[in-house]
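Colleague: one predicted model, sequence on top.
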Amino acid sequence: MNIEETKRLLDKYLDGLTTEAEEQQLRQTMNGEVPAELRAEKAMFAALARFEQTAEAQMDARLADATEHRMSRMIDQWNRVENSTRRKSRSHATRWMAGVAAGMLVLVGVSFYAGQKQQQSMQPQTAAMPEDTYNDPRMAYKETEKALQTLSENLNKGIKEMEKIKKN
């Protein structure tokens, strides 16, 4: 590229009007040998290239850190899901075993009860009628009346307390 065309592209570049193809052509020109009057622009392009490389490296480092952080969070989340699934399967197995044990306990209880009933039916019926605790019916009546009176008083106290609570 001749010097006049390079100057025209530089003016266009500095005004922000170049296309990507023109900028690429300008970079290639500035990487090679240039006349003394364009050495300042060559230094500017070299500085821009170094800046782009540094910025790219920094961006890559930040991107790598962010990616590592994101992956770490996802792995932690997967571990939590895996642990909760393992706990659920353990609790499911525990429930199943408890159900089996409860069923066996019921069977043992029923068979024990049936055995007791069978033994009782085989024994002769010699059980006596319960005896009265009072020989005098008037005394039994007074004791019954006394017990019913105590029951009535206690029920009345409870009803009064419930009425107080309803009023509040």
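Modeller: Happy to help now that I have it.
Colleague: same for the helix or strand harbouring residue 39, what does it pack against?
Modeller: Taking DSSP states H and E as the criterion, residue 39 maps to helix 39-122. Contact here means 3 or more C-beta pairs under 8 Å, 6 or more residues apart in numbering; DSSP states H and E; on that basis helix 39-122 packs against helix 20-31. No exception for glycine: its C-beta is placed from N, CA and C like everyone else's.
Colleague: give me the next element, helix or strand, following the lowest-mean-pLDDT helix or strand in the chain.
Modeller: Every helix and strand of the chain was ranked by mean pLDDT, DSSP states H and E. The lowest is helix 39-122, at a mean of 80. Following helix 39-122 in sequence order, the next helix or strand is helix 137-167 (DSSP H and E).
Colleague: any idea of the mean pLDDT in that following helix?
Modeller: Across helix 137-167, the average pLDDT comes to 89.
Colleague: which parts of that helix are buried?
Modeller: Of all the residues in helix 137-167, not one is buried under the rule 16 or more other C-beta atoms under 10 Å.
Colleague: swap in stretch 63-79?
Modeller: Per 16+ other C-beta under 10 Å, stretch 63-79 contains no buried residues.
Colleague: gap between that stretch and the chain center?
Modeller: 18 Å (C-alpha atoms, centre = their mean, to the nearest Å).
Colleague: send me it as PDB with only the CA atoms.
Modeller: Extracted in PDB, the C-alpha atoms of stretch 63-79 (Å, rounded to 0.1, in the frame of the first residue of the first chain):
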ATOM      1  CA  LEU A  63     -13.600 -15.700  32.500                       C
ATOM      2  CA  ALA A  64     -11.700 -18.800  33.800                       C
ATOM      3  CA  ASP A  65     -12.300 -17.700  37.400                       C
ATOM      4  CA  ALA A  66     -16.000 -17.100  36.700                       C
ATOM      5  CA  THR A  67     -16.300 -20.400  35.000                       C
ATOM      6  CA  GLU A  68     -14.500 -22.200  37.800                       C
ATOM      7  CA  HIS A  69     -16.800 -20.500  40.400                       C
ATOM      8  CA  ARG A  70     -19.900 -21.400  38.400                       C
ATOM      9  CA  MET A  71     -18.800 -25.000  38.000                       C
ATOM     10  CA  SER A  72     -18.000 -25.300  41.700                       C
ATOM     11  CA  ARG A  73     -21.500 -24.000  42.600                       C
ATOM     12  CA  MET A  74     -23.000 -26.600  40.200                       C
ATOM     13  CA  ILE A  75     -21.000 -29.400  41.600                       C
ATOM     14  CA  ASP A  76     -22.000 -28.400  45.100                       C
ATOM     15  CA  GLN A  77     -25.600 -28.300  44.000                       C
ATOM     16  CA  TRP A  78     -25.300 -31.800  42.400                       C
ATOM     17  CA  ASN A  79     -23.800 -33.100  45.600                       C
END
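Colleague: nothing else from me, thank you.
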